[in-house]
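1. Below is the sequence, then the predicted model.
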Amino acid sequence: MKIKQIHDKFFRATFANLEVSQNFLKESLPESILKTIDLQNLELQNGTHISKELEETRSDLLFRTTINQQEGYLYLLFEHKSYLDKNVGLQLLTYLVNIWNQKIKNEKSKHIPVIIPMVIYHGKRNWELGNSLDTMILGYDDLPDDIKKGIPNFSYHVYDLNRFSDEVIVMGSLYYVVLSILKHVNRHDEQALLEALKRVAAALNAMNEKQTATEYFETCLRYVYEIVPEFSNVNSNVVQKYIEGIFPEGSEVAMTLAEVLREEGFEKGIQKGIEKGKKEGVEEGLEKGIEAMSSLAINRLSSKFGIMPAEYQEKIAALDLKMLELLNYEIDRFTSIDDVKKFLGI
């Protein structure tokens, strides 16, 4: 899976949770704006408004709600590049115009709704670009007011994760868990990331909803291991011992961790098979890669839905590498054995 897809999947999986998005808005917007917004009735809208050429470095979410007693929207742009982009204000304007154009086209509306734009940034440097479009316009400050009146300009809210303190993590709060992981994952500082995961585990352990805590812990682990693969090589045992120390033996969280680590082992097996193929022949390496992928899929499906029937295992073993990669990606979305049956054409 591409890095962009990994970032995008984590961003959507977390901020689509109303508790996370509501807490984020409360934390990042001033009271003068918050008192006009109905945070209890946020409605996540489908789709993205980012152009194809920029989707590798950005993700976005659009929420519909009531702002100042009228229909309005909150637009969250997630910058997951490691450097500052001076063009973000102009690109943000383009996304807002796209949303307005779609409203006019789809609803034949004579008016356009209020949209509050927000940028979530987790690059390595502090955000130093300002938060308004006029910073991009040459000589804007020296222009006469009559000229400024004819130039589009707007401000947007920037949440710089560099300024987020890990010390404010609240036990049992999904919101602070998300921010802590987002802050550290792009820095590739393994020690800081390890400490962040420990805080995340402790915070999730304090949650009343253990099922939700388990699901989010799994999401966080997979995100970290996919973005920073070298992290799992050294720190998996450390994380496992720490988790075993705060979660009861045999608990859902402990078993989830074990499952993730097993999958990590399979992934490494695939890589070893491919590396061996380079030395001993591409065909042999590909065969070992397919065998490892097939075993991974069968084990994951068996863990989720019970032991796979022989017919299912035979079908999986007959898939080529591309279909096995697709199957392993889709397993997270499967909700019943019928989804497996449909995928395999049984």
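-> Great, that's in hand. Numbering: from 1, shown residues only.
2. Point to the residue nearest the middle of the chain.
-> Taking Cα atoms, centre = their mean, the centroid of the chain lies closest to F10, which sits 1.8 Å from it.
3. Quick check: the gap between that one and D60.
-> 14 Å (Cβ to Cβ, to the nearest Å). (Each C-beta comes from the backbone N, C-alpha and C, glycine too.)
4. Name all residues that make contact with S28.
-> With contacts defined as Cβ atoms under 8 Å, 6 or more residues apart in numbering, S28 is in contact with M118, H157, Y159.
5. Give me the next element, helix or strand, following the helix or strand of the chain with the lowest mean pLDDT.
-> Lowest mean confidence among the helices and strands of the chain (mean pLDDT, DSSP states H and E): helix 252-280, at a mean of 54. Downstream of helix 252-280, the first helix or strand assigned by DSSP states H and E is helix 282-305.
6. CA atoms only: put that next one into PDB for me.
-> C-alpha atoms of helix 282-305 as PDB (Å, rounded to 0.1, in the frame of the first residue of the first chain):
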ATOM      1  CA  VAL A 282      13.100 -14.600  -9.600                       C
ATOM      2  CA  GLU A 283      10.600 -17.400 -10.100                       C
ATOM      3  CA  GLU A 284      11.600 -19.100  -6.800                       C
ATOM      4  CA  GLY A 285      11.400 -15.800  -4.900                       C
ATOM      5  CA  LEU A 286       8.000 -15.100  -6.400                       C
ATOM      6  CA  GLU A 287       6.800 -18.600  -5.400                       C
ATOM      7  CA  LYS A 288       7.900 -18.000  -1.800                       C
ATOM      8  CA  GLY A 289       6.300 -14.600  -1.800                       C
ATOM      9  CA  ILE A 290       3.000 -16.000  -3.000                       C
ATOM     10  CA  GLU A 291       3.200 -18.900  -0.500                       C
ATOM     11  CA  ALA A 292       3.700 -16.400   2.400                       C
ATOM     12  CA  MET A 293       0.900 -14.100   1.100                       C
ATOM     13  CA  SER A 294      -1.400 -17.100   0.900                       C
ATOM     14  CA  SER A 295      -0.600 -18.200   4.400                       C
ATOM     15  CA  LEU A 296      -1.100 -14.700   5.700                       C
ATOM     16  CA  ALA A 297      -4.600 -14.400   4.100                       C
ATOM     17  CA  ILE A 298      -5.700 -17.800   5.400                       C
ATOM     18  CA  ASN A 299      -4.400 -17.100   9.000                       C
ATOM     19  CA  ARG A 300      -6.100 -13.700   9.100                       C
ATOM     20  CA  LEU A 301      -9.400 -15.000   7.700                       C
ATOM     21  CA  SER A 302      -9.300 -17.900  10.200                       C
ATOM     22  CA  SER A 303      -8.700 -15.600  13.100                       C
ATOM     23  CA  LYS A 304     -11.600 -13.400  12.000                       C
ATOM     24  CA  PHE A 305     -14.200 -16.000  10.900                       C
END
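7. Generate JSON lines for the contacts of S28, with neighbour count, distance to N186 and pLDDT as supplementary columns.
-> Shown next, in JSON lines, are the contacts of S28 (neighbours: other Cβ atoms under 10 Å; distance: Cβ to Cβ, whole Å; pLDDT from 0 to 100):
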{"residue": "M118", "neighbour count": "21", "distance to N186": "19", "pLDDT": "95"}
{"residue": "H157", "neighbour count": "17", "distance to N186": "20", "pLDDT": "94"}
{"residue": "Y159", "neighbour count": "20", "distance to N186": "15", "pLDDT": "90"}
